[in-house]
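> The sequence and its predicted three-dimensional model are supplied below.
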Amino acid sequence: MDVGDGFFGSGECKVRFLPTGILKKGRFIGCVLSEVATQAGLSLALSCGGKGTCGKCRVMVKGKTSCPTPLEQEILSQEEYSKGIRLACQTRVMGNCDVWVFSSSEVGSMKILSWDSVDIAVRRARTQVHSVFADKQNLDNQISDEECVLLALGEREDLVQWTPHALRELPSVLRRGEYHVEVVIEDGEILDVFEQDAHRQVYGIAVDLGTTTVAAMLCDLRTGCTLASAASTNRQVVYGDDAVSRIEHTRKNLSSFTEMQMAAVSTVDELIFEMVDRAQVDSMDIRSVVVVGNTAMGHLFCGIDAMHLTQAPYVPVFRRGLRWPAWELGFRNVSPGARLSILPFIAGFVGSDTVGMVLACRLDRVEAPVLAMDVGTNGEVVLALPGGRMLACSAAAGPAFEGAHIECGMRASTGAICRVRLVGDLEVETVDDAAPVGICGTGLMDAVAAFLAAGIVDETGRFVETSALPWLRDRWMEKDGQICLVLGRGKENVWVSQKDIRELQLAKGALRAGVEILLKEANLRIEELDEIILAGAFGTHLDPANAIRLGLLPSVPESRVRSVGNAAGQGATLALLCKDEMERAGRVAMNTQYVEVSGRLDFQEIFADAMCFPFETPSV
């Protein structure tokens, strides 16, 4: 490999990315390779936010590059380096070079959970269209155009505000329509006005803004019908897999703050474009957007500094939600008068996605104790009790459930092992039935549950190496001094290591500790739980039996465990359509008791116990 001697300023060169053949020519000398890849339209897996600690962005480089950094020397083996393998987030371009991007290094096309249309009787539509006949002005009645409409509406002037867009449209629309106009009102604000015979439509968008994925739904606000849905990877993933990594990135690189905010906005805006194209409607008829997400994502989405969420006492800048002009945030595929609303947060680490889950699952109206869990990087747990009392906590599970920090880990995209079964032999299933290239969270859960059943992992999480089982004999391997077990063989082996099992234990231990602390806070026993609800993409695809076997879920009959899909998105849709649901969201956020688990004196003891797997006699 032709390696440069150091950074010597910006200059022009060519960088070709293979196997796509994308060629970028520009002043790239001195630029980090991952940044050049982003400019080429490639999304590399930067789980650590480009810090060089996860090792997920391995690429093969031929050409002029910087010398390996100490982090690369620590993570990459000598054999890898001799083959030209580098970390894209650590390597600087020093001249013309070819870069081979491995499929396991790309973010890729993920299987993303959307949600079904909601079924609810909307008694008070949040966005309403009023048809009015206004009286014309004359010399004896020289009132303004605005007053003409307000008088016809029967609304007092102090109860209704106008968007600048609606006021700009008003004079021409009023006269073209012979003072017979339709007025779009939402939350006491006039969003738009048009002639009665213009037959304009009124649409809205509900968005589940996840840390990793974004899903959206296009709704007819007159009828409540769903017209289209779409989903994609959150473009912010190039700044890190988790919200904390992204916040840290903005602290170290202030110039990227706006880029990160626009990455999220453009993700949603492109989903809107995709949906209106599919539904064959006009994007300028979109009047309202409602977004749910965790507290950090809500801040970053609006371009609001979230740094204090990473420092004790972990307080957000705002909690009661926001309602802003959509165009002010950078949206272009909506009406100029459209408003964007972010549902309120419960606490610094329990966001509006949890509020959406409460709305969709009616957790504030349960008749028996119900435990609801959204399992992910930021695991949230809600314990709902009769009488409307709710307790919530956040469990810093880390990204292991989404395949990050796992040696062969990846998100649930093509080639990811997503199912593992022990039926005589070890059987694996991959996303899109492709050759295995890695393992995602559900696959890791299934694999460890199978290892426990076979007795090759004990309750402490330690591998028990044995060759007694025929299917095991050629699956053991050693890598970097630790025992690993091969799950699948594609172009390269896909394995689970001892370290991976520890990562899973840390993740499930944190979430289970949160469950135990909420039960303890409510003085409730596990057997008193009427139901356990699993929400979110991971929860939907999780095998309840394996979740109980691993101790992620309390030991209850499987019949009491129910998956509800994307409950956060369903809640966003309810708040988009129904004024009562939007008001209810505010009450849920303000009245839910947040329990800070990590600061409790008993947390470490509960967490240590929760990390262990329940002891059972091996079944194989």
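Received it, and whenever you're ready, just let me know what you need. Numbers count the residues shown, from 1 in each chain.
> Tell me the gap between whichever strand or helix holds Val448 and the middle of its chain.
If you go by DSSP states H and E, Val448 is part of helix 441-454. Computed by Cα atoms, centre = their mean, to the nearest Å, the chain-centroid distance of helix 441-454 equals 24 Å.
> pLDDT below threshold where in the stretch 51-200 of the chain?
102-123, 155-159 (pLDDT under 70).
> Mind listing what's buried along the following helix or strand past the helix holding Val448?
Next in sequence after helix 441-454, counting helices and strands by DSSP H and E, comes strand 476-479. For strand 476-479, a neighbour-count test (16 or more other Cβ atoms under 10 Å) marks Trp476 as buried. In this view, the C-beta of every residue, glycine as well, is placed from N, C-alpha and C.
> What's the first helix or strand after strand 476-479?
strand 482-489.
> How far away from the center of its chain is the helix or strand that comes right after that following strand?
For strand 482-489, the following helix or strand on the C-terminal side (DSSP H and E) is strand 493-497. Put simply, strand 493-497 sits 26 Å off its chain's centre (Cα atoms, centre = their mean).
> Quick check: buried residues in the helix or strand just after strand 493-497?
For strand 493-497, the succeeding helix or strand toward the C-terminus, using DSSP H and E, is helix 498-521. Across helix 498-521, burial judged by 16+ other Cβ under 10 Å covers 498, 500-501, 503-519.
> same question, stretch 77-95
Buried, per 16+ other Cβ under 10 Å, within stretch 77-95: Gly84, Ile85, Arg86, Leu87, Ala88, Cys89, Gln90, Thr91, Arg92, Val93, Met94, Gly95.
> so what does the helix or strand harbouring Arg16 touch, helix or strand wise?
Per DSSP H and E: Arg16 is located in strand 13-18. The elements that strand 13-18 packs onto, with contact taken as 3 or more Cβ pairs under 8 Å, 6 or more residues apart in numbering; DSSP states H and E, are strand 22-26, helix 33-39, strand 93-101.
> Now distance to Glu429 too, for these, in TSV please.
As requested, these are exported to TSV (distance: least, Cβ to Cβ, whole Å):
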stretch	distance to Glu429
strand 22-26	32
helix 33-39	30
strand 93-101	26
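> Of all these, which one is nearest Arg584?
helix 33-39 (40.6 Å; Cβ to Cβ).
> what is the mean pLDDT for the closest one?
For helix 33-39, the mean pLDDT works out to 84.
> got the CA coordinates for it in CSV?
Extracted in CSV, the C-alpha atoms of helix 33-39 (Å, rounded to 0.1, in the frame of the first residue of the first chain):
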residue,chain,number,x,y,z
LEU,A,33,-12.4,8.6,4.0
SER,A,34,-15.8,8.2,5.6
GLU,A,35,-16.7,11.8,4.8
VAL,A,36,-15.8,11.3,1.1
ALA,A,37,-18.0,8.2,1.1
THR,A,38,-20.9,10.2,2.5
GLN,A,39,-20.4,12.7,-0.4
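> Buried residues of it, list them for me.
Leu33, Ser34, Glu35, Val36, Ala37, Thr38.
> Near the nearest residue to Asp474 once chain neighbours are set aside, how many other residues are there?
Closest residue in space to Asp474, ignoring its immediate chain neighbours: Val486 at 7.9 Å, by Cβ to Cβ, 6 or more residues apart in numbering. For Val486, the neighbour count with other Cβ atoms under 10 Å is 16.
> Same question for Arg320.
Neighbours of Arg320 (other Cβ under 10 Å): 11.
> Am I right that it falls within a helix?
No. Assessed with DSSP: H, G, I helix; E, B strand; the rest coil, Arg320 is coil; it does not lie in a helix.
> Ramachandran coordinates for it?
phi -90, psi 10 (degrees, to the nearest 10).
> Next, find the distance separating it from Ala589.
Arg320 sits at a distance of 7 Å from Ala589 (criterion: Cβ to Cβ, to the nearest Å).
> Which residues are in contact with each of those two?
With contacts defined as Cβ atoms under 8 Å, 6 or more residues apart in numbering, the residues shared by Arg320 and Ala589 are Pro344.
> for the stretch 401-550 of the chain, which spans come out with low pLDDT?
Using pLDDT under 70, the stretch 401-550 of the chain drops low at 403-404, 467, 490-491.
> right, and the helices and strands packed on strand 13-18 - which one's nearest Cys578?
When those are ranked by proximity to Cys578 (Cβ to Cβ), helix 33-39 comes first, at 39.8 Å.
> Which parts of the stretch 1-150 of the chain are strands?
Secondary structure of the stretch 1-150 of the chain (DSSP state E, counting those that start in this stretch): strands at 13-18, 22-26, 58-65, 85-87, 93-101, 127-133.
> excluding its backbone neighbours, what's nearest Ser394?
Phe349 is the one closest to Ser394 (Cβ to Cβ, 6+ apart), at 3.5 Å.
> Could you tell me how many residues sit around that neighbour?
Quick note: Phe349 (other Cβ under 10 Å) scores 26 neighbours.
> list the contacts for it?
Counting by Cβ under 8 Å, 6+ apart, Phe349 has contacts Asn294, Thr295, Leu309, Tyr314, Asn378, Glu380, Ser394, Ala396.
> go with 10 Å
The contact partners of Phe349, by Cβ atoms under 10 Å, 6 or more residues apart in numbering, come to 243, 294-296, 309, 314, 316, 378-380, 392-396, 594, 596-598.
> Sitting in strands, which of the residues you listed do you find?
Those of the contacts of Phe349 mapping onto strands are Gly379, Glu380, Ala392, Cys393, Ser394, Ala395, Tyr594, per DSSP state E.
> could I get these as CSV with pLDDT?
Shown next, in CSV, are the ones in strands among the contacts of Phe349 (pLDDT from 0 to 100):
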residue, pLDDT
Gly379, 85
Glu380, 93
Ala392, 97
Cys393, 95
Ser394, 91
Ala395, 84
Tyr594, 96
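> Out of these, which comes closest to Gly415?
Nearest member of the ones in strands among the contacts of Phe349 to Gly415, counting by Cβ to Cβ, is Gly379, at 26.0 Å.
> The closest one: how many residues sit nearby?
Residues near Gly379, counting by other Cβ under 10 Å: 27.
> Tell me where the stretch 201-350 of the chain has strands.
203-209, 213-220, 226-233, 286-293, 322-325, 339-342.
> Measure how the helix or strand following the last one sits relative to strand 286-293, angle-wise.
Secondary structure here is assigned by DSSP H and E; on that basis, the next helix or strand after strand 339-342 toward the C-terminus is helix 352-361. Here helix 352-361 points in a direction 100 degrees away from that of strand 286-293 (axes from the mean of the first three to the mean of the last three Cα atoms, to 10 degrees).
> Neighbouring strands - and their directions - for whichever helix or strand comes after helix 352-361?
Downstream of helix 352-361, the next assigned helix or strand under DSSP H and E is strand 370-374. Sheet pairing of strand 370-374 (DSSP bridges) gives strand 379-384 (antiparallel), strand 531-535 (parallel).
> Mark out where each domain of the chain begins and ends.
13-105, 108-342, 361-397+509-611, 400-503 (automatic domain parsing).
> where does His405 fall, helix, sheet strand or coil?
Relying on three-state DSSP, one would call His405 coil.
> so how far is Asp208 from the residue nearest to it when sequence neighbours are not counted?
Take His405 and drop its neighbours on the chain: the residue closest to it by Cβ to Cβ, 6+ apart is Glu503, 5.3 Å away. Plainly put, Glu503 is 26 Å away from Asp208 if you go by Cβ to Cβ.
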